[in-house]
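Asker: based on what follows, work out the 3D shape:
(chains A and B)
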Amino acid sequence: MKPTARWIPYFLVAPAFAIFTLAILGPIIATFGLSLTDWDGFSTPSFIGLENFVRAFNDKVYTSSYGHAAIYIVATLVLEVLVGLILAGLVSAKRNTTFYRVAFFTPVMLPLVVISVLWSFLLNPDLGILNRILDQVGLESWKHIWLGDQSTALLSISVISGWIFAGFYMAIFYAGFQRIPSTIIESARLDGASELQLLRQIKIPMIKNLTEVAVLLCVTGGIQVFDLVYVLTNGGPYDTTQVPTTYLVRVVFRDQQMGYGSALAVILTLVVVGFGLIYNKLRTKDDSVVEY
Amino acid sequence: MKRNPIFHIAMSLYSLIYFVPLLWMALSSLKSNQEITMDPLSLPTAWDFSVFAEAFSAGGLGKYAINSAIVTGISMSGVLLFGSMAAFAFTRLKFRFSKQILALITLGLILPLQSYFIAQNALFDYLGIKDTRLALILPYTAMGLPLAIWLFRAYIQNLPKEIFEAARVDGAGDLRVYQTILLPMLKPGIATVAVFTALSAWNEFLLALVYIQNDDLKTIPTGLLTFSTRYSTNYHLLFAALTIVTVPMIILYVIFNRKVIEGLTEGAVK
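Answerer: Model prediction:
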């Protein structure tokens, strides 16, 4: 419709656009600009072209941080998305499962920092219950300093992440399952399909779109993982859990290298946007699938 | 469908993975430090609840909670008001540059926090607003707006056009239509947006860590981290703090579980 007065739409959009520009759009442009400079945050930035990017690709800690993020992503695709899908299949196969759904979703809405602090205690070698339980059931040899041991730290973080977010993906998939017309499900049941066949041959294919969205969320979220790692290990031991974001924060706020940090931020941004674009290319445009 | 006890037994056992850590946290806060270190699995011997009062006042948890409430409340109101205003204009009114402005705001849906927080930090330094609540309210509002505008647009597109046209015929101006017709009809959408903006502001950590050094202004995530370094060996006090932070949230969540789950999943999937 044409507005009743010309100024009205601008008046309606102005506050949102102003806040967005000031806090996000302007800083994004400025960060891209800063990535081409050498700047300590106080003096005048000096232009150095692409030097920061060359440095980033030769920075072993930085390049390996992507390797750690990749391991974390693969692990969480299983521990969050796949487990979430299995849980959704289970809770949608029976009635009266509200209790489980509510329980499994609980960690999703709690602050990640709080959960991280709690888990650092659960895994604490002295007073944590995990090692103590292993003791009691006679599996002393399985005991570890979970977050302090190079071989287990990253995996422990991934498992904790799974504990938090499996319920989130379960909720997404469950909502998708609920939207499948019940006539389809009922007629398959009449034809003698078991719950497992129903899940594999009807329910999962019909929420294909949602599984794609879930994988995208898990991948782009995984590259940006910060809170968990920062609180649990802060990149240690010996940088074995260093991920792009924790390293970025270290470069910017501990080493005061704003220019270099901006270049790292630009690379991270391009990687995230790249995944988004790949997803858009590959996305199935099939009308028979249930939209969330 | 037949009733299946094995199913419920298996699922209940699996639920323990979620309950045991939270229960252990709550029970440990009632134990003495010695009991916690000697036998982490034992039950508390004395039920002394004074530890909660101690964590609340001595540890400054009350202060952090108030800060979180102020920052979250203002950011959420801003997102709901400005987001619904903009979404109304983008969806129902024709004006120049509307497509371009919307496209720019949509960028905010994809771009990670890391793509702007370095320059944002420099900007806030320059404006002298670091270590004020505004340093959190401003970015939290800005971060919530793109998703809010998208969700509100989807809701408005589903409302019948005729309602708006009828109001126009009755002589109502656009601002009146927004106030008296759109807002009441947008209520379910507002609830969804409110849940995810409130929770993401309440739980946000990175910006709060970078922008707020003054202990009197810290929000719960950074405040709790300060608390945990300050009382790193006073275990029962720490467990009490964790319990105080989580239990009210869990209670609210159990009451509003449908809205919370809906708000968080819809916010992510869209």
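Asker: quick check, stretch A:223-239 touching chain B?
Answerer: Yes: residues of stretch A:223-239 are located near chain B by C-beta under 8 Å from any C-beta of the partner chain, namely A:Ile223, A:Gln224, A:Phe226, A:Asp227, A:Tyr230, A:Val231. All C-beta spots, glycine's among them, are computed from the backbone N, C-alpha and C.
Asker: near the nearest residue to the third one once chain neighbours are set aside, how many other residues are there?
Answerer: Right, A:Phe226. Leaving aside its sequence neighbours, A:Phe226 sits nearest to A:Thr245 (C-beta to C-beta, 6 or more residues apart in numbering or on different chains; 4.1 Å). When neighbours are counted by other C-beta atoms under 10 Å in any protein chain shown, A:Thr245 registers 25.
Asker: element containing A:Thr245?
Answerer: Using DSSP states H and E, A:Thr245 falls within helix A:244-249.
Asker: how far off centre is that helix?
Answerer: 15 Å (C-alpha atoms, centre = their mean, to the nearest Å).
Asker: list the contacts of that helix.
Answerer: Applying C-beta atoms under 8 Å, 6 or more residues apart in numbering or on different chains, the external contacts of helix A:244-249 come out as A:61-62, A:65-66, A:69, A:223-226, A:229-230, A:234-235, A:261, A:264-265, A:267-268, B:114, B:206, B:210.
Asker: distance check, the residue nearest to A:Phe168 when sequence neighbours are not counted against A:Leu36.
Answerer: Ranked by C-beta to C-beta, 6+ apart and with sequence neighbours excluded, the top spatial neighbour of A:Phe168 is A:Val108, at 4.6 Å. Per C-beta to C-beta, to the nearest Å, A:Val108 is found 39 Å from A:Leu36.
Asker: next one: B:Ile6
Answerer: 63 Å.
Asker: and what of B:Thr91?
Answerer: 39 Å.
Asker: check contacts around the closest residue to B:Ile105 other than its chain neighbours.
Answerer: In space, and not counting its chain neighbours, B:Ile105 is closest to B:Pro146: 5.2 Å by C-beta to C-beta, 6+ apart. By C-beta under 8 Å, 6+ apart, the contact set of B:Pro146 is A:Phe20, B:Ile105, B:Thr106, B:Leu107, B:Gly108, B:Leu109.
Asker: cool, A:Pro237 as well?
Answerer: With contact taken as C-beta under 8 Å, 6+ apart, A:Pro237 is in contact with A:Gly148, A:Asp149, A:Gln150, A:Ala153.
Asker: which helix runs longest in chain B?
Answerer: Taking DSSP state H as the criterion, chain B has its longest helix at helix B:61-92.
Asker: how distant is that one from the center of its chain?
Answerer: Between the centre of helix B:61-92 and the centre of its chain there are 10 Å (C-alpha atoms, centre = their mean).
Asker: run through who's touching the next helix-or-strand element following that helix.
Answerer: Using DSSP H and E, the helix or strand that directly follows helix B:61-92 along the chain is helix B:98-110. Helix B:98-110 has contacts (C-beta under 8 Å, 6+ apart) with A:9, A:13, A:16-17, A:20, A:24-25, A:28, A:272-273, A:276, B:86, B:89-90, B:142-143, B:145-147, B:149-150.
Asker: and the next helix or strand past helix B:98-110?
Answerer: Following helix B:98-110 toward the C-terminus (DSSP H and E): helix B:117-127.
Asker: next, the buried residues of that following helix.
Answerer: B:Phe117, B:Ile118, B:Ala119, B:Gln120, B:Asn121, B:Ala122, B:Leu123, B:Phe124 (16 or more other C-beta atoms under 10 Å in any protein chain shown).
Asker: which SSE is immediately downstream of that helix?
Answerer: helix B:134-158.
Asker: I'd guessed B:Ala86 sits against A:Pro9; true?
Answerer: No: counting by C-beta atoms under 8 Å, B:Ala86 stays clear of A:Pro9, with 9.2 Å between them.
Asker: what's in contact with the lowest-mean-pLDDT helix or strand in chain B?
Answerer: Every helix and strand in chain B was compared by mean pLDDT, DSSP states H and E; the lowest is helix B:33-38, with a mean of 81. The contact list for helix B:33-38 (C-beta under 8 Å, 6+ apart) reads A:Asp126, A:Leu127, B:Ser28, B:Ser42, B:Pro44, B:Thr45, B:Thr233, B:Asn234, B:Tyr235, B:His236, B:Phe239.
Asker: show me what contacts the first one?
Answerer: When you say that, I think you mean A:Asp126. A:Asp126 makes contact with B:Thr37 under the criterion C-beta under 8 Å, 6+ apart.
Asker: can I assume it sits in a strand?
Answerer: No: assignment of A:Asp126 by DSSP: H, G, I helix; E, B strand; the rest coil gives coil, placing it outside any strand.
Asker: okay, B:Ile6 and A:Leu36: which has more neighbours?
Answerer: Using other C-beta under 10 Å as the criterion, B:Ile6 and A:Leu36 rank with A:Leu36 on top: 20 against 7.
Asker: ok, that one - contacts?
Answerer: A:Phe47, A:Ile48, A:Gly49, A:Leu50, A:Asn52, A:Gly259, A:Ala263.
Asker: check whether the helix or strand where the fifth one lies comes near chain B.
Answerer: What it means is A:Asn52. Assessed by DSSP H and E, A:Asn52 sits inside helix A:51-57. No: using C-beta under 8 Å from any C-beta, helix A:51-57 stays clear of chain B, coming no nearer than 12.2 Å.
Asker: counting contacts, what elements does that helix pack onto?
Answerer: strand A:37-38, helix A:258-282 (3 or more C-beta pairs under 8 Å, 6 or more residues apart in numbering or on different chains; DSSP states H and E).
Asker: residues of the stretch 151-292 of chain A that sit close to chain B?
Answerer: A:163, A:168, A:171-172, A:175, A:210, A:213, A:217, A:220, A:223-224, A:226-227, A:230-231, A:244-245, A:248-249, A:252-253, A:258, A:261-262, A:265-266, A:268-269, A:272-273, A:276, A:292.
Asker: would you mind putting the residues of stretch A:223-239 next to chain B into a markdown table with pLDDT alongside?
Answerer: Converted to a markdown table, those look like this (pLDDT from 0 to 100):
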| residue | pLDDT |
| --- | --- |
| A:Ile223 | 93 |
| A:Gln224 | 92 |
| A:Phe226 | 94 |
| A:Asp227 | 93 |
| A:Tyr230 | 93 |
| A:Val231 | 92 |
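Asker: rewinding a little: other SSEs contacting the longest helix of chain B?
Answerer: Using 3+ C-beta pairs under 8 Å, 6+ apart: helix B:61-92 touches helix A:7-20, helix B:98-110, helix B:134-158, helix B:187-203, helix B:220-230, helix B:235-255.
Asker: what mean pLDDT would you report for the third one?
Answerer: It refers to helix B:134-158. For helix B:134-158, mean pLDDT is 94.
Asker: picking up where we left off before, of the helices and strands packed on helix A:51-57, flag the one that's most buried.
Answerer: helix A:258-282 (a mean of 19; mean count of other C-beta atoms under 10 Å in any protein chain shown).
Asker: who's in contact with that one?
Answerer: A:28, A:31-32, A:34-41, A:45, A:48, A:52-53, A:55-56, A:62, A:66, A:212, A:216, A:219-220, A:223-224, A:244-245, A:247-248, A:251-252, B:110-112, B:114-115, B:117-119, B:122.
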